[in-house]
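# The sequence and its predicted three-dimensional model are supplied below.
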Amino acid sequence: MATINVIQPNKYSIIMLGGSFDCLHPGHHVLLKYAHLTQPLDVRRQAAEVFIKSVKPELKVQAEPITDPYGPSIVDPELEAIVVSKETLKGGESVNNKRAERGLSQLQVEVVDLLFEDGNSEKISSAILREREVKQTKVG
């Protein structure tokens with residue numbers, strides 16, 4: 001299992017965490033293909049909110065659909081930080097470039113490690129979980 005970088009509690013007032021959160025799994029908990037199998041937005045939104053509230057009930061959760069690569073990250077002046085993985089670090093840097101073009105403050109980029117299943121070299125991902133689901137459906 002990968003080492004998890006934990007952001008200091010209450011370090012930021014407002015942060016940005018992007019993701020599809022389809023088939024919510026431990027990799028999303030640290031952060032938070034198969035489009036025809038993707039869970040409906042309301043199901044994903046509720047699963048993410050329930051998990052976040054289980055960790056810190058007093059947090060205000062604002063889950064919005066992302067209809068472009070940046071979502072609210074390049075227009076919300078109140079954001080302080082963005083949480084990314086090592087795989088999505090360039091996206092976080094791109095967000096800051098877009099914010100600079102718009103005269104907005106730079107976000108602190110917090111990088112978290114990917115999670116791996118015990119004894120497995122593949123990262124935990126929705127795509128892997130969907131592949132397993134499809135294979136089990138075909139076998140069963």
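Arrived safely, thanks for sending. Please read all numbers here as calculations on a predicted model, not as lab measurements. Numbering: from 1, shown residues only.

# where do the helices sit along this protein?
Counting by DSSP state H, one finds helices in the chain at the ranges 26-30, 41-55, 89-101, 126-139.

# Any regions of this structure where pLDDT drops low?
The model of the chain has pLDDT under 70 over residues 1-10, 14-38, 138, 140.

# State the distance from the spatially closest residue to V95 that is not a sequence neighbour to F51.
The shortest distance from V95 to any non-neighbouring residue, by CB to CB, 6 or more residues apart in numbering, is to S73 (4.7 Å). For glycine as for every other residue, the C-beta is placed from the backbone atoms N, C-alpha and C. Distance, S73 to F51, using CB to CB, to the nearest Å: 21 Å.

# ok, now G71?
Per CB to CB, G71 is found 19 Å from F51.

# one step back: I'd like to know how far the residue nearest to V95 sits from A127.
23 Å.

# The residue lying closest to E122 once chain neighbours are set aside: neighbour count?
Distance criterion CB to CB, 6+ apart; nearest residue to E122, sequence neighbours excluded, is I128 at 5.8 Å. For I128, the tally of surrounding residues (other CB atoms under 10 Å) stands at 17.

# before we move on, what about L115?
When neighbours are defined as other CB under 10 Å, L115 has 20 of them.

# Next: L59.
10.

# Apart from its neighbours in sequence, what residue is nearest it?
I52 (5.9 Å).

# same question, V84
Computed as CB to CB, 6+ apart, the closest residue to V84 that is not its neighbour in sequence is G92, at 4.1 Å.

# And for I74?
Spatially, and ignoring its direct neighbours in sequence, I74 is nearest to K98 (4.1 Å; CB to CB, 6+ apart).

# picking that back up, quick one, which of S73 and F51 is more surrounded?
It is S73, of S73 and F51, that has more neighbours when counted by other CB under 10 Å, with 23 against 15.

# Check the gap between the more buried one and P65 for me.
Taking CB to CB, one finds S73 at 13 Å from P65.

# and if you look at G91?
As judged by CB to CB, G91 and P65 stand 17 Å apart.

# Please say which of the two ends up with more neighbours.
Neighbour totals were compared for G91 and P65, and G91 leads with 16 against 8 (other CB under 10 Å).
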